[in-house]
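okay, predicted coordinates and the sequence, questions at the end:
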2 protein chains.
Amino acid sequence: MPVNLTAPDPRSLNPVRGVMLGVAAASIRKPGRSDLLVMRVDPGASVAGVFTRNRLAAAPVVLCREHLAALDGRNSVRALVVNTGNANAGTGADGIAAARAVCRALAQRLDCTETQVLPFSTGVIMEPLPVERIVAGLPACIGDLRGDNWFAAAQAIMTTDTLPKAASTRVRLARGEVSVTGIAKGAGMIHPDMATMLGFVATDAAVPREALLQMARAAADRSFHRITVDGDTSTNDSFMLVASGASGIAAETDADLRELGAAVTRIAVALAQAIVRDGEGATKFVTVQVEGGTSEAECSRIAFAIAHSPLVKTAFFASDPNLGRILAAIGYAGVDDLDMGKVDLRLDDLLVARGGGRSPDYREADGRRVMGQSEFTVRVALNRGAASATVWTCDLSHDYVTINAEYRT
Amino acid sequence: MPVNLTAPDPRSLNPVRGVMLGVAAASIRKPGRSDLLVMRVDPGASVAGVFTRNRLAAAPVVLCREHLAALDGRNSVRALVVNTGNANAGTGADGIAAARAVCRALAQRLDCTETQVLPFSTGVIMEPLPVERIVAGLPACIGDLRGDNWFAAAQAIMTTDTLPKAASTRVRLARGEVSVTGIAKGAGMIHPDMATMLGFVATDAAVPREALLQMARAAADRSFHRITVDGDTSTNDSFMLVASGASGIAAETDADLRELGAAVTRIAVALAQAIVRDGEGATKFVTVQVEGGTSEAECSRIAFAIAHSPLVKTAFFASDPNLGRILAAIGYAGVDDLDMGKVDLRLDDLLVARGGGRSPDYREADGRRVMGQSEFTVRVALNRGAASATVWTCDLSHDYVTINAEYRT
């Protein structure tokens, strides 16, 4: 059961001029479900990507990096192709060849070069990619290409997600209004190993490639890099930002780039939070906010120590204000000169610990009340600086174990 | 259900001359169970300690460090006092005063100084230590002091452990035979927060303090620092090594120190493994062995990434050879220049992946068979150096969530 998350209204998802989407049921792993997406982009678009830091990068990630590096100003990205059901990771040289074959087949049909196609895969690790079935599904995707197909696209990239994830906004720049629309699939790492976060955001503004890359990185730093379900880093994580330029409206000034960047970040944050809300077995959505640090890095380190701790996460699940567990996680986060005697801890606005010890006014019944909510914020004040960091996570429930222990069938 | 672990035979636990143990039921948290231990040490003993790196060190850890630093050659440690039921952590200045009061009360009864007493606590975090009940229990402990009381001592320090943990050996030095006997309690971090590993090992050999500290550190590095149940670092972790010297046999030569050190490490490893075997909800005992690295540090980092991954641990639980999860964990362990194309993965002797991809001969039924055992080894070969590291862990089961989510009653 996702936490306070519903499927997006398809009509709320603004088309992005210059971007068409088509889906198909290619029986990649199971028949009868939409599992293949082609996103076609008009010539002249800019595309930027942020990829997994896992050393076991999946074959499609390797190819994406290679193609993006090879493209110069003239030959822009013309299509993205996404399959579910198979991650094409841990597949070695065969996996690279398989991803290349998919790119080549789509390039032939779209009359562009192989390098102009970016491949993405999500699903089981260490099994050969069924290239034939994917290639056979491409004509149906192409036949289905439409500008208002974002909802179907969000459905096509789902693996263990229980709901499609999409968000959209419009933003006014100096020369006119542009759209920003995105879809994502979650960190459901399940049966058999859908260990993949994918996010695709597009705008019809024109943005120079270098500025777009900065925008993508800034958005990822505030969104997809701020969430954790179980702390595992997938082999396929990719966040792509496409600026088609088809609106004829260029984001040129600093103000425009700021405005557009903020909109992209908003969409990315909405998608990232949706992934946590739909996290495996999640029953609670928890914001962890650490402030008063000497650097964002140390705040972030402490926030993730809390958000990753299985003990803290099971306490969230149980609505058990076992808050020593949070203090202990702060203590072992690896900030060596941290003075625990200065640390305050709050649940929402409730002061729980002051100066590293239990606050005299704190009553456990109050802590239980706050933690009983489906959403709350863990607030840590380090009281030694002006930096802060925020992370979003979920609880660790019985269903997490059930989902991840279930044998692949 | 602990994994292949039984209670030690009390008769197998050799007394250590110069060390007497006494226990009592002091009703610290619950009545009717043994929850207080005094270990009395004859004058002239050497004592060395290895403590938690958590910045939220519990009050007894703070006092142990202070007392050990203050003691000079003349005034040796005369007693260790251990209570369960309350960790005296996150308790601020009051907690320090409380631990000091316990030391003072025991010092008066044993006719030594407060500094010569080392305190240890395990149990709930962030609640005041019930000093009066502990002090009231001391006479019963003292009345119970016996040299052959190791089994009762192991029982007295249990919290959520399902079995007492103790091990003993005898070792021949140049000048005669000495005993090495130890007890430990586990990383059960349960209902309400028994977040504490404690280990006490004693020998009747005489060992100079500096050599003893090196011996303690070396033993901890090969034992208590090599285990993980859920990756949380407790506020109270302490491993103490006592050399009473009461045998009259000094470990003087390098060969003696090596021999004795090896025996201490053996005992520490047995205790550490017992903690994992009795880990919360554990159904499997898994050895993770990483070899062929350029440094022990990188091997250790990769081994812990595997051993900490909730995805890998739920796969262990399910006997599901979902081995991409292990490869993914290797990839995100943070060894930046790692070439996954050189990595081999084995389950016991079964070759699963070669060169970062699935081995052609590997069959999933074989993987399932190995993982179906209650004990097996995950073997990773990095093929880039001569260093190695070993870590012991358990699986992540439904019972882990149940145990840790259960509300404190």
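Great, that's in hand.

anything in the one helix or strand A:Ala328 maps to near chain B?
Using DSSP states H and E, A:Ala328 maps to helix A:324-331. Yes: using Cβ under 8 Å from any Cβ of the partner chain, helix A:324-331 reaches chain B at A:324-325, A:327-331. Heads up, the C-betas are built off the backbone N, CA and C, glycines and all.

contacts for that helix next, please.
A:302, A:305-306, A:309, A:311-312, A:315, A:338, A:340, A:343, A:345, A:353, A:356, A:378, A:380, B:54-57, B:87, B:89-90, B:124-126, B:189, B:193, B:195, B:232-235 (Cβ atoms under 8 Å, 6 or more residues apart in numbering or on different chains).

buried sites along stretch A:205-214?
Neighbour counts over stretch A:205-214 (16 or more other Cβ atoms under 10 Å in any protein chain shown) mark A:205-207, A:209, A:211-213 as buried.

how far does it sit from the chain's center?
In terms of Cα atoms, centre = their mean, to the nearest Å, the centre of stretch A:205-214 is set 20 Å apart from its chain centre.

need the contact list for A:Val335.
Counting by Cβ under 8 Å, 6+ apart, A:Val335 touches A:298, A:301-302, B:55.

now do 10 Å
Applying Cβ atoms under 10 Å, 6 or more residues apart in numbering or on different chains to A:Val335 gives the contacts A:293-295, A:297-299, A:301-302, A:305, A:382, A:384, B:55.

report the lowest-confidence entry in those.
Lowest pLDDT of the contacts of A:Val335: B:Arg55, 79.

okay, now the unreliable bits of the stretch 1-150 of chain A?
A:72-74 (pLDDT under 70).

find the closest residue to chain B in it.
For the stretch 1-150 of chain A, the residue closest to chain B is A:Ile125, as judged by Cβ to the nearest Cβ, at 2.6 Å.

in space, what's closest to that residue - neighbours in sequence excluded?
Closest residue to A:Ile125 apart from its sequence neighbours, by Cβ to Cβ, 6 or more residues apart in numbering or on different chains: B:Gly324 at 2.6 Å.

burial measure for the one you found, as a count.
Residues within reach of B:Gly324, counting by other Cβ atoms under 10 Å in any protein chain shown, total 26.

mind giving me the packing neighbours of the helix or strand where A:Ala184 lies?
Here A:Ala184, judged by DSSP H and E, is contained in strand A:176-185. Judged by 3 or more Cβ pairs under 10 Å, 6 or more residues apart in numbering or on different chains; DSSP states H and E, the packing partners of strand A:176-185 are strand A:19-24, strand A:79-86, helix A:150-156, strand A:165-173, strand A:198-203, strand A:238-243, helix A:254-277.

okay, the helix holding A:Ala328 in PDB with CA atoms only?
This file holds the C-alpha atoms of helix A:324-331, laid out as PDB (Å, rounded to 0.1, in the frame of the first residue of the first chain):
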ATOM      1  CA  GLY A 324      17.700   6.100  21.500                       C
ATOM      2  CA  ARG A 325      18.000   4.300  18.200                       C
ATOM      3  CA  ILE A 326      18.000   7.600  16.400                       C
ATOM      4  CA  LEU A 327      20.600   9.100  18.800                       C
ATOM      5  CA  ALA A 328      22.700   6.000  18.300                       C
ATOM      6  CA  ALA A 329      22.500   6.400  14.500                       C
ATOM      7  CA  ILE A 330      23.600  10.000  14.800                       C
ATOM      8  CA  GLY A 331      26.500   8.900  16.900                       C
END
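
quick one: mean pLDDT over it.
88.

which segments of chain A make up each domain?
With domains defined by automatic domain parsing, chain A comprises A:10-277, A:285-405.

from the buried residues of stretch A:205-214, which ones fall inside helices?
The members of these that map onto helices under DSSP state H are A:209, A:211-213.

which parts of stretch A:392-399 are buried?
A:392-398.

give me the buried positions along stretch A:6-18.
By neighbour count with 16+ other Cβ under 10 Å, stretch A:6-18 contains the buried residues A:8, A:13-18.

closest one of the residues you listed to B:Ile96?
Nearest to B:Ile96 among these, counting by Cβ to Cβ, is A:Pro8 at 54.6 Å.

what's around the residue lying closest to the closest one once chain neighbours are set aside, how many residues?
In space, and not counting its chain neighbours, A:Pro8 is closest to A:Ala166: 4.5 Å by Cβ to Cβ, 6+ apart. Neighbour count for A:Ala166, taken as other Cβ under 10 Å: 25.

what residues does the closest residue to A:Ala263 other than its chain neighbours make contact with?
Closest residue in space to A:Ala263, ignoring its immediate chain neighbours: A:Val171 at 4.1 Å, by Cβ to Cβ, 6+ apart. With contact set as Cβ under 10 Å, 6+ apart, A:Val171 has these partners: A:177-180, A:203, A:205, A:251, A:256, A:259-264, A:266-267.

residues from the stretch 1-150 of chain A in reach of chain B?
A:52-58, A:87, A:89-95, A:124-128 (Cβ under 10 Å from any Cβ of the partner chain).

how far does stretch A:352-359 sit from the chain's center?
35 Å.

wait, A:Ala93 sits on A:Ala59?
Yes: the pair formed by A:Ala93 and A:Ala59 meets the contact definition of Cβ atoms under 10 Å, at 8.9 Å.

these two: who's more crowded?
Applying other Cβ under 10 Å to A:Ala93 and A:Ala59 shows that A:Ala59 carries more neighbours, namely 26 against 11.

please look at that one and A:Asp94 and confirm they touch.
Yes: if you go by Cβ under 10 Å, A:Ala59 and A:Asp94 touch, sitting 8.5 Å apart.

overlap in contacts of the two?
Joint contacts of A:Ala59 and A:Asp94 (Cβ under 10 Å, 6+ apart) are A:88, A:129.

please flag which of the buried residues of stretch A:392-399 sit within helices.
Per DSSP H, the buried residues of stretch A:392-399 map to helices at A:His398.

B:Arg104: which of the buried residues of stretch A:392-399 is nearest?
So of the buried residues of stretch A:392-399, ranked by how close each gets to B:Arg104 (Cβ to Cβ), first place is A:Leu396, at 42.2 Å.

show me what contacts that closest one?
Contacts of A:Leu396 by Cβ under 10 Å, 6+ apart are A:229-230, A:279-284, A:309-318, B:230, B:310, B:396, B:400-401, B:404-405.

relative to A:Ala219, how far out is A:Gly176?
Per Cβ to Cβ, to the nearest Å, A:Gly176 is found 22 Å from A:Ala219.

the two: which has the busier surroundings?
With neighbours defined as other Cβ under 10 Å, A:Gly176 and A:Ala219 compare such that A:Ala219 has more, 29 against 11.

quick check, the more buried one in a strand?
No: A:Ala219 is assigned helix when assessed by DSSP: H, G, I helix; E, B strand; the rest coil, not a strand.

would you check that it makes contact with A:Arg266?
Yes: between A:Ala219 and A:Arg266 there is a contact at 8.7 Å, judged by Cβ under 10 Å.

count of neighbours near A:Thr228?
22.

make that A:Pro31, sorry
Neighbour number of A:Pro31 under other Cβ under 10 Å is 9.

correct me if wrong, but it is in a helix.
No: under three-state DSSP, A:Pro31 sits outside any helix and is assigned coil.

angles on the backbone of the nearest residue to it once chain neighbours are set aside, please.
For A:Pro31, ignoring the flanking residues on the chain, the nearest one in space by Cβ to Cβ, 6+ apart is A:Ala25 at 7.2 Å. Dihedral angles of A:Ala25 (phi, psi; degrees, to the nearest 10) stand at phi -100, psi 100.

which ones are touching A:Ala25?
A:31-36, A:137, A:140, A:156.
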